[in-house]
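**Student:** Following is a predicted model, sequence given first.
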Amino acid sequence: MQQTKSVFGVLGVDANVISLPYDLYGHKAPAAITTDQLPCPQEGAAAAVMQSVGCKFILSVLWQSKQGLIRNSFNESLRLEERYVKFNVAALKQAAARAVNKQDCVRITKLAEGGFNKVFLLTMDDGQEVIARIPTPIAGPSHHTTASEVATMEFLGVILRVPVPRVFTYSAIWLELSTEEMKDVLKQIIDIEKRMFSYKFPAYGSLYYKHDAQALPHASIPHLERFCIGPLARRQFWFNEREDMSLNRGPWKRSEDAIVASAQRESAWLANFAKPKPRRTFLLQTDDPIDPHDHQCLLSKFLRIGPYLTPKDAGLSTPILRHPYLSLPNIFLAPNSTKILSIID
């Protein structure tokens, strides 16, 4: 069996940069259509209701709502920009080959595109395969997200003995598993979760190698000299203008401080960058604007009660490690087996 390793955050910075066009859902936006082209039901309870209210009116509202979701709320051009990344293909191939001590990478294939990464399969000259993940801008600041992820993976693998890449196979077979096989996989997931929850950390934030966090606020971890807890790398603290704002990103010793910091972050952003926007809600079209001041008032109320929302029993709010996206596609199984080989993302 060919062995597959994983390379994280490999970005080319040389010349010959190419662009990857990205179609978010694999299809174009719906073509223009009028409500006269939409069919009205002729039979059943739905037909009676729609005929009494006005079929064309209801279809018009529903269609406008759908179009509004795509064109207004969805804001497609911005969503595409958030997931658009340029990288040097040649540099990526060279970095992957060096990572596994091979002479050359002979083929690169796009495997998938998740919420925060583009995933590629790189094949070496001897047939060995490497999975490379390139973070998109929506993932957050490249240094923090990549440094924290790599440190977290080693911590999981070395300290907690949780299976993390090296990846030996790439297959989504969940729909083929029997109920008993799924139970076996779930038991393993529970065991992995127990191991992650068993380690108590000194602060809230993201896990880093200590040498990557020397210039950042960080909290040392007793008996683990290589690791530390540094600023939270989650995109909520970094996207759009927030990356350049002076924010309290942690680490935090107390859970109430972490909760309050999120509200303070949004309040600061609203005060500096927010603009009134038209209110668009399902079945209620109005031009009354949503005023950022209203949002700030709600946040100020939250800030007054935030410190009282955490449990008084410190044991119920101890910092632990958790996987925020433990979905089935992120769990890799051994071929012809229910044994979990790796958990990613």
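**Tutor:** Here it is on my side, so go on. Note that the coordinates shown come from a computational prediction; the quantities given were computed from them, not determined experimentally. Numbers count the residues shown, from 1 in each chain.
**Student:** excluding its backbone neighbours, what's nearest residue 81?
**Tutor:** residue 137 (7.6 Å; CB to CB, 6 or more residues apart in numbering). The C-beta positions use only the backbone N, C-alpha and C, and glycine is treated the same way.
**Student:** show me the residues around that neighbour that make contact.
**Tutor:** 81, 82, 83, 84, 85 (CB atoms under 8 Å, 6 or more residues apart in numbering).
**Student:** distance of it from residue 95?
**Tutor:** 20 Å (CB to CB, to the nearest Å).
**Student:** again, but for residue 199
**Tutor:** 31 Å.
**Student:** Please apply the same query to residue 297.
**Tutor:** Distance from residue 297 to residue 95, by CB to CB: 50 Å.
**Student:** When these two are compared, which one has more neighbours?
**Tutor:** Applying other CB atoms under 10 Å to residue 297 and residue 95 shows that residue 95 carries more neighbours, namely 19 against 12.
**Student:** From residue 260, how far off is that one?
**Tutor:** For residue 95, the distance to residue 260 - CB to CB - is 41 Å.
**Student:** next one: residue 105
**Tutor:** Residue 105 is 48 Å from residue 260, by CB to CB.
**Student:** what about the helices in the stretch 201-345 of the chain?
**Tutor:** 255-273, 292-305 (DSSP state H, counting those that start in this stretch).
**Student:** Nearest to residue 313, out of those helices?
**Tutor:** Counting by CB to CB, residue 313 lies closest to helix 255-273 out of these; the figure is 11.2 Å.
**Student:** Give me the contact list for the closest one.
**Tutor:** 204, 236-237, 240-242, 245, 247-250, 252, 292, 295-296, 299-300, 302-303, 306-310, 317, 319.
**Student:** From those residues, keep the buried residues only.
**Tutor:** Buried by 16 or more other CB atoms under 10 Å: 204, 237, 242, 247-250, 252, 292, 296, 299, 302, 306, 310, 317, 319, out of the contacts of helix 255-273.
**Student:** what two of those residues have the greatest distance between them?
**Tutor:** 292 and 319 (32.3 Å).
**Student:** before we move on, back to that, the more surrounded of residue 105 and residue 260?
**Tutor:** Neighbours of residue 105 and residue 260, each counted by other CB under 10 Å, are more numerous for residue 105; the result is 24 against 18.
**Student:** so that one sits right up against residue 124, yeah?
**Tutor:** Yes. Judged on CB atoms under 8 Å, residue 105 makes contact with residue 124 at a distance of 5.8 Å.
**Student:** anything in contact with each of the two?
**Tutor:** By CB under 8 Å, 6+ apart, the residues touching both residue 105 and residue 124 are 96, 97, 130.
**Student:** how about the strands of this protein, start to end?
**Tutor:** When assigned using DSSP state E, the strands of the chain occupy the ranges 4-8, 18-19, 86-87, 105-113, 117-124, 129-135, 206-209, 219-221, 224-230, 277-281, 284-290, 331-333, 340-343.
**Student:** Tell me the one of the shared contacts of residue 105 and residue 124 nearest residue 141?
**Tutor:** Of all these, the one sitting nearest residue 141 is residue 96; the distance, using CB to CB, is 23.0 Å.
**Student:** ok, how many other residues are close to that closest one?
**Tutor:** Quick note: residue 96 (other CB under 10 Å) scores 24 neighbours.
**Student:** Surely it is in contact with residue 123?
**Tutor:** No. With contact defined as CB under 8 Å, residue 96 does not count as touching residue 123 (9.5 Å).
**Student:** Count residues in the vicinity of the residue nearest to residue 181 when sequence neighbours are not counted, would you?
**Tutor:** Distance criterion CB to CB, 6+ apart; nearest residue to residue 181, sequence neighbours excluded, is residue 338 at 4.9 Å. Using other CB under 10 Å, residue 338 is surrounded by 18 other residues.
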